[in-house]
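Student: got a structure for you, letters missing:
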């Protein structure tokens, strides 16, 4: 039967396929016990995403660069020495026996970023002191206020010839290129820029980037396979952004997009709709290639206090909802990380099928989240990061018990910190979180 005659899978069937890949990985387990432990943990996560009752509340740790420090190395070393990073993260996962493998993909491969001369990040030894414990975003107007029409008219051309040369120093010469649509029957004019030493240098630099990325992927992928073989599920995960956050974080910058919301609201609205289509195409293609189960969105500028309800309803939520619905249609679990507080948004963001969306909360009222979303969405959070750093194990355990009592009834709750990375957390406090889930989280 030819492909065009094949039955199109429903979103539920696509989702079932993704879960099946997650439950039955093609990795060698070190023992039958490890394989059994993997299945138990994976089924626990599957049930909680589906807003069902697992055997107990899952607990996830997000330690930032903590595995590096516990292994006696700094963040700069972790970014450059892939082998040491893999060893440190593997040891961390074995010490803190949680329900999901904590991967090291959040540690950027600094050599790749150096080769690209990436302008959006500063990291230890590259814009930050060598002893800094993470990387930082360098905000700027990488897209100008008068360039909305160019973005809206042809986003691919804008990203290739305007935006990329600004954020990657190694690609600066690409601004010399003509739009691809200028190619006709006689294409020589289009390729004239490749005569220049600058464009030839771009090609050579990209070959270096490819070789370094291959080395990084081989090492980090090997770590992940080892961790899974020991019985720790690695949820196949992708990364995505709300279209407004793409525009406001990395293109116009906070100051620029705040002014645009008042001066050019119509163009902002058109731009985020265009970015939604670009986001859908790229995210779905990557998710299908990588057999991704979960796609995570860090929600930045939609938080309480950042914009008013009218702006959220017109400039932020519609384009984000468009992306979410497209991913749900592909059977992907959508994970929305509500950084800051989203307490004032909860009443009107519960628009999706049961189990389709997972919310990870930072500072949101968890009782309100459970009341308004908990019957339909998996929710996660929000043990205070400050408590994990400065509190005692007894205080952490009590806080976890309170969260479990509020959020666990009926299923669909994951115990974790509110922040994505708590680099300075006390190890004894992380152990207290795990103990609390096992002691108080049984159904």
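Tutor: Arrived safely, thanks for sending. Every value quoted in this text rests on a predicted model; they were computed, and no experiment measured them.
Student: tell me which helix or strand comes right after the longest helix along the chain.
Tutor: As assigned by DSSP state H, the longest helix anywhere in the chain is helix 197-229. Going down the chain from helix 197-229, the next helix or strand is strand 237-239, by DSSP states H and E.
Student: now the element after that next one, going C-ward?
Tutor: Counting by DSSP H and E, the next helix or strand C-terminal to strand 237-239 is helix 243-250.
Student: C-terminal to that following helix, what's the next element?
Tutor: The C-terminal neighbour of helix 243-250 among helices and strands, as given by DSSP H and E, is helix 253-263.
Student: what angle do helix 253-263 and the following helix or strand past that following helix make with each other?
Tutor: Scanning forward in sequence from helix 253-263 by DSSP H and E, the next helix or strand is helix 265-290. Comparing the axes of helix 265-290 and helix 253-263 via axes from the mean of the first three to the mean of the last three C-alpha atoms, to 10 degrees yields an angle of 130 degrees.
Student: note down every partner strand of the very next helix or strand once past helix 265-290 and its orientation.
Tutor: Counting by DSSP H and E, the next helix or strand C-terminal to helix 265-290 is strand 294-299. In the sheet, strand 294-299 lines up against strand 237-239 (parallel), strand 333-338 (parallel) (DSSP bridges).
Student: out of the ones you listed, which is closest to residue 58?
Tutor: Closest approach to residue 58 among the strands paired with strand 294-299 (C-beta to C-beta): strand 333-338, 13.7 Å. (C-beta placed from N, C-alpha, C; glycine too.)
Student: roughly how far is the longest helix of the chain from the heart of the chain?
Tutor: Its chain's average C-alpha position is 20 Å from that of helix 197-229, according to C-alpha atoms, centre = their mean, to the nearest Å.
Student: ok, stretch 168-180 next?
Tutor: That offset, for stretch 168-180, works out to 28 Å (C-alpha atoms, centre = their mean).
Student: buried residues, it. List them.
Tutor: Under the neighbour-count criterion of 16 or more other C-beta atoms under 10 Å, stretch 168-180 has 168, 170-174, 177 buried.
Student: any idea of the mean pLDDT for the longest helix of the chain?
Tutor: Here helix 197-229 scores 95 as its mean pLDDT.
Student: same question for stretch 400-409.
Tutor: Per-residue scores along stretch 400-409 average to 97.
Student: repeat that for stretch 8-19.
Tutor: In this model, stretch 8-19 has a mean pLDDT of 94.
Student: if we can go back for a sec, return the most buried member of the strands paired with strand 294-299.
Tutor: Most buried of the strands paired with strand 294-299, by mean neighbour count (mean count of other C-beta atoms under 10 Å): strand 333-338, with a mean of 24.
Student: contacts for that one?
Tutor: Contacts to strand 333-338, defined as C-beta atoms under 8 Å, 6 or more residues apart in numbering, come from residues 15, 18, 49, 237, 293-299, 303, 324, 327-328, 345, 352, 355-362, 364, 420.
Student: repeat for stretch 224-237
Tutor: With contact meaning C-beta under 8 Å, 6+ apart, stretch 224-237 is reached by 18, 21-22, 25, 27-30, 33-38, 41-42, 45, 86, 89-90, 93-94, 98-101, 103, 290-296, 335.
Student: what of stretch 40-49?
Tutor: 19, 22-23, 53-58, 99-100, 231-233, 235, 294, 333, 355, 358, 378, 411-414.
Student: just how off-centre is that stretch within its chain?
Tutor: 20 Å.
Student: now stretch 130-141
Tutor: In terms of C-alpha atoms, centre = their mean, the centre of stretch 130-141 is found 18 Å from the chain centre.
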